[in-house]
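S.K.: Model the structure of this input:
(one chain, ligands or ions: 1)
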Amino acid sequence: MKPIETIMRTAPVIPVLVIEDVEHAVPVATALVAGGLRVLEVTLRTPAGLEAIRAMKGVEGAIVGAGTVTNPDELKASIDAGAEFIVSPGLTPRLGEAAIASGIPFLPGTANAADIMLGLDLGLSHFKFFPAATSGGLPALKALAGPFHTAKFCPTGGVTQASASDWLAFDPVLCVGGSWLVAKGEPDVVAIEAAARAAATLAR
Ligand SMILES: O=C(O)C(=O)C[C@H](O)[C@H](O)COP(=O)(O)O
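M.R.: So this is what the prediction gives:
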């Protein structure tokens, strides 16, 4: 199994995390792992992102990756911060080639046939489907998975606890991603752990 597939099969949901304050990183990660979600995607949308990756790596059981990686410089900064996998919202040849050369597990965003064909050309087979809900939802992914029947997906963007099971019931979907597990602001670790527990028990 490819390393990215192992990561995608670790839990049914990858929490997409927007960490505003690095002090939140460890409590959020600890609550998510305690609830059963070990694979954590820390977005580089905030200045605290890279520092949060470094901090979360100290949480036992956590597999910490970087999200919102859009170019080779951000890829390098994420790897230097200790990211164990890389997620991007889209796919460019420059980013794809750099990620493959680095050897790090890589989950690039795709929204249509051309994106998937670029990924396949680069030798990739595992993709984020983003933004999942507004790119046509499950019917669109089912249509794309016809011609691209070897590709595996992590739908992200507009996925919720309520809609996750529909996505997960579709065979090429190995996991889903979403930001619903952690509300903005001061982390409520009890609520985060409960949300993680509900997500971790979703059937695939
Ligand atoms: O920041 C990134 O790298 C992204 O690609 C976007 C996120 O994965 C989605 O925005 C999460 O979507 P929601 O669960 O609907 O909030």
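S.K.: And for the lengthiest helix in the chain, what's in contact with it?
M.R.: Secondary structure of the chain per DSSP state H: the longest helix is helix 189-200. Identification of contacts with helix 189-200 by CB atoms under 8 Å, 6 or more residues apart in numbering yields 11-13, 15, 27-28, 30-37, 161, 164, 180-183. No exception for glycine: its C-beta is placed from N, CA and C like everyone else's.
S.K.: Now do it, average pLDDT.
M.R.: For helix 189-200, mean pLDDT is 98.
S.K.: Just give me how far it sits from the chain centre.
M.R.: A distance of 17 Å separates the centroid of the chain from that of helix 189-200, by CA atoms, centre = their mean, to the nearest Å.
S.K.: buried stuff in it?
M.R.: Buried residues in helix 189-200, counting neighbours by 16 or more other CB atoms under 10 Å, are found at 189, 192-193, 195-196, 199-200.
S.K.: same deal with stretch 71-89?
M.R.: 72, 74-75, 77-79, 81-89.
S.K.: Nearest to Val42, out of the residues you listed: which one, please.
M.R.: Val42 lies nearest to Ala83 out of the buried residues of stretch 71-89, by CB to CB, at 7.8 Å.
S.K.: residues in contact with the closest one?
M.R.: Counting by CB under 8 Å, 6+ apart, Ala83 has contacts 42, 53, 64-66, 104.
S.K.: I'd say Thr30 and Val59 touch.
M.R.: Yes - Thr30 lies in contact with Val59 (CB atoms under 8 Å); the separation is 5.4 Å.
S.K.: count of neighbours near Asp115?
M.R.: Close neighbours of Asp115, defined as other CB atoms under 10 Å, add up to 21.
S.K.: if we can go back for a sec, from the contacts of helix 189-200, which would you call buried?
M.R.: Judged by 16+ other CB under 10 Å, buried ones among the contacts of helix 189-200: 11-13, 15, 28, 30-33, 35-37, 164, 180-182.
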